[in-house]
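J.: Sharing a model that was predicted from the sequence below.
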Amino acid sequence: MYRAARTGVGTACVLLALWTVGPAAAAESATYAFVDVNVISMDTPDAAPHRTVLVEGDRIAAVGPADAVTVPAGATVVDGRGKFVLPGLADMHAHIGADYRPGQTAQRADLLLYLATGVTTIRNAAGSEDLLRLAAAIDDGTLLGPRMEIASPLLEGANAVWDFSVRVLSAGAARAAVRRFAAQGFESIKIYHTLSREAYEAIADEARKLGIPFFGHVPFDVGIEEVLADGQASIEHFRGYDIDGLPREALVKDGGRSPERFASWLNMSDARMDELVRATVEAGAWNCPTFVVNSMLIHAGRLEEFADHPMAEYMPADLLRAYRNSGLEALFSMESREMLGLARPRMLTFLARLHAAGAPLMTGTDTFPSLVPGFTLIDEVATFVEAGLSPYEALQAATTAPALFLGDEDRRGRILPGMHADLVLLGANPLEDVGHLWRLDGVMADGRWLTHDTLLSMLRELAVASDE
């Protein structure tokens, strides 16, 4: 997959003393040794016991038996006895607030919340120039956070759903937008279901010429099978399979969120589902189903209960207010949310069939104001297991699969010498129960080691500061 250069930003690598982990140069000289740990390399479906993982700078230098790997003098030793280390997790459909400005060094709770549950890579599914600068600040060590892939601003048609989207109403405007976003350094093109056929086909053609992937929803005027044939890199939320065979009036109703649309899952025959699975496999298209956002929609009446999650105490007041007052219920009618609930088992069946047929899958959350950043990716992994995948297979969708999608399979997603040091240390084996992902002891993001207690302390400081 295409990976563009970040836009340059002249920010100073200065952090508050309490939170200093050093700029990139400091990370390059640090050495860590995770000693006598169980290694889940994601190269095999088993944990290798009594290993030492040696990290030098931002790379894994060695992985081997604890009695065979020499720990250099001066290395920081992390006791791994009885613990498990696996690659950092990836949220491949996230939405991070775009309020970053050059020179900003204050840490951000939304980014720390991701790290605090082992998420070291995110794909921001609707970008901005601010977000390009934010990603660069993380890359150079100015800010702490997961590595970020930034998609373009959202491309929509005449009947746009979102005020912040870019409307392209002709083939010429669509081509110009793709060229502009590629030149600005966005790493993919995000599309939405309101695009006309003319605009969509122009986006697909221009993106192919430039070698930049395009992904998103399936435009109502195009349909799932044509989108697959056009080479769309990934389909989000299964949106597109659920418009198959529906009349246009049912699709555009309620901004594309009608009960009739979601009822299509109940009306889809097994034979038609198998056809769609085969077409997806043949096209090589990825799916990022984001079941957790559907769960939040289905249970929107429990929003206050979700907001009272134990981790909410570590959220700054402004972030918590946005969470509680997201207006989620207004986006989807009661009838639509009820239909989503009825359709959920059928969607899980579709996920299982895609997996069984070899279609590529990856985890994402659609994190937005009504989803706590980072604290839903674990639930998404658990949903993959609920659909019938083994814990190892579900973890692949959160580690090796995203790395492959992003073209980083030789650099990330596994614990092997030479790989980037994105690691999660757990107190129990997630291959036995993915719920053990909550047993986080610490996370390493590009060679920067942070214990779970340190991350929570940082979040607590931010929460207190926001109340003052």
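T.: Yes, it's here.
J.: what about the strands in the stretch 51-200 of the chain?
T.: 59-65, 76-79, 84-87, 89-94, 119-124, 147-150, 155-156, 166-167, 189-191 (DSSP state E, counting those that start in this stretch).
J.: how about those, which one is nearest Leu395?
T.: strand 84-87 (6.9 Å; CB to CB). Where you see a C-beta, it was placed from the backbone N, CA and C, and this is true even at glycine.
J.: what are the pairing partners of the closest one, and which direction each?
T.: Partners of strand 84-87 in the sheet, by DSSP bridges, are strand 31-39 (parallel), strand 423-426 (antiparallel).
J.: quick one: average confidence on that strand?
T.: Averaged across strand 84-87, pLDDT comes to 98.
J.: Same check on stretch 170-179?
T.: 98.
J.: How about that stretch, which residues are buried there?
T.: Neighbour-count burial for stretch 170-179, counted by 16 or more other CB atoms under 10 Å, picks out 171, 173-175, 177-178.
J.: Check stretch 432-449 too.
T.: 434, 436-437, 439-449.
J.: what's the distance between it and the middle of its chain?
T.: Centroid separation between stretch 432-449 and its chain, computed with CA atoms, centre = their mean, to the nearest Å, is 16 Å.
J.: what residues are up against the nearest residue to Phe181 once chain neighbours are set aside?
T.: Closest residue in space to Phe181, ignoring its immediate chain neighbours: Ser152 at 3.8 Å, by CB to CB, 6 or more residues apart in numbering. Residues in contact with Ser152, defined by CB atoms under 8 Å, 6 or more residues apart in numbering, are 127, 177-178, 181, 186, 188-190.
J.: residue boundaries of the helices in the stretch 51-200 of the chain?
T.: 109-115, 129-139, 171-184, 197-210 (DSSP state H, counting those that start in this stretch).
J.: got the angle for the third one vs helix 197-210?
T.: This points to helix 171-184. If you take axes from the mean of the first three to the mean of the last three CA atoms, to 10 degrees, helix 171-184 sits at 30 degrees to helix 197-210.
J.: what helices or strands is helix 171-184 leaning on?
T.: In terms of contacts (3 or more CB pairs under 8 Å, 6 or more residues apart in numbering; DSSP states H and E), helix 171-184 is packed against strand 189-191, helix 197-210.
J.: which other helices and strands contact the shortest one?
T.: Okay, so that is strand 189-191. strand 155-156, helix 171-184, helix 197-210, strand 214-216.
J.: In CSV, list these along with distance to Leu246.
T.: Converted to CSV, those look like this (distance: least, CB to CB, whole Å):
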stretch, distance to Leu246
strand 155-156, 20
helix 171-184, 25
helix 197-210, 16
strand 214-216, 19
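J.: I'd like to know which of these is closest to Arg133.
T.: Using CB to CB, the helices and strands packed on strand 189-191 put helix 171-184 closest to Arg133, at 11.2 Å.
J.: before we move on, the earlier item: deepest in the core, which of the helices and strands packed on helix 171-184 is it.
T.: Highest mean neighbour count of the helices and strands packed on helix 171-184: strand 189-191, a mean of 28 (counted as mean count of other CB atoms under 10 Å).
J.: What lies in contact with that one?
T.: 125-127, 151-155, 178, 181-182, 200, 203, 207, 212-217, 219, 232.
J.: Let me see the mean pLDDT of it.
T.: Mean predicted lDDT for strand 189-191 stands at 98.
J.: Chain neighbours aside, what residue packs nearest to Val385?
T.: Counting by CB to CB, 6+ apart, the residue nearest Val385 is Ala394, at 4.9 Å.
J.: just checking, that neighbour touches Phe384?
T.: Yes. Counting by CB atoms under 8 Å, Ala394 touches Phe384, with 3.8 Å between them.
J.: Need the residues touching each of those two.
T.: In contact with both Ala394 and Phe384: Thr363, using CB under 8 Å, 6+ apart.
J.: quick one, which of the two is more surrounded?
T.: Between Ala394 and Phe384, counting by other CB atoms under 10 Å, Phe384 is the more crowded of the two (27 against 24).
J.: residues in contact with the helix or strand hosting the more buried one?
T.: In this assignment (DSSP states H and E), Phe384 forms part of helix 377-386. Here helix 377-386 makes contact (CB under 8 Å, 6+ apart) with 89, 91, 114, 117-119, 290-292, 295, 348, 351, 361, 363-365, 391, 393-395, 397-398, 434-435, 437-438.
J.: let's see it at 7 Å
T.: 89, 91, 117, 119, 291-292, 348, 363-365, 391, 394-395, 397-398, 434-435, 437-438 (CB atoms under 7 Å, 6 or more residues apart in numbering).
J.: chain center to whichever helix or strand comes after it, what's the gap?
T.: Helices and strands here follow DSSP H and E; after helix 377-386, the next one along the chain is helix 391-396. How far helix 391-396 lies from its chain's middle: 15 Å, per CA atoms, centre = their mean.
J.: Which parts of the stretch 201-350 of the chain are strands?
T.: 214-216, 234-236, 286-288.
J.: The residue nearest to Val385 contacts Val434, doesn't it?
T.: Yes. In this structure Ala394 lies within contact range of Val434 using CB atoms under 7 Å: 5.9 Å.
J.: Glu461 and Asp318: what is the separation?
T.: 15 Å (CB to CB, to the nearest Å).
J.: higher neighbour count, those two?
T.: Glu461 (17 against 12).
J.: Go ahead and name everything in contact with the host helix or strand of that one.
T.: Secondary structure from DSSP H and E places Glu461 in helix 452-467. Helix 452-467 is contacted from outside by 18-19, 107, 109, 112, 115-116, 314-318, 440-442, using CB under 7 Å, 6+ apart.
J.: No further questions, thank you.
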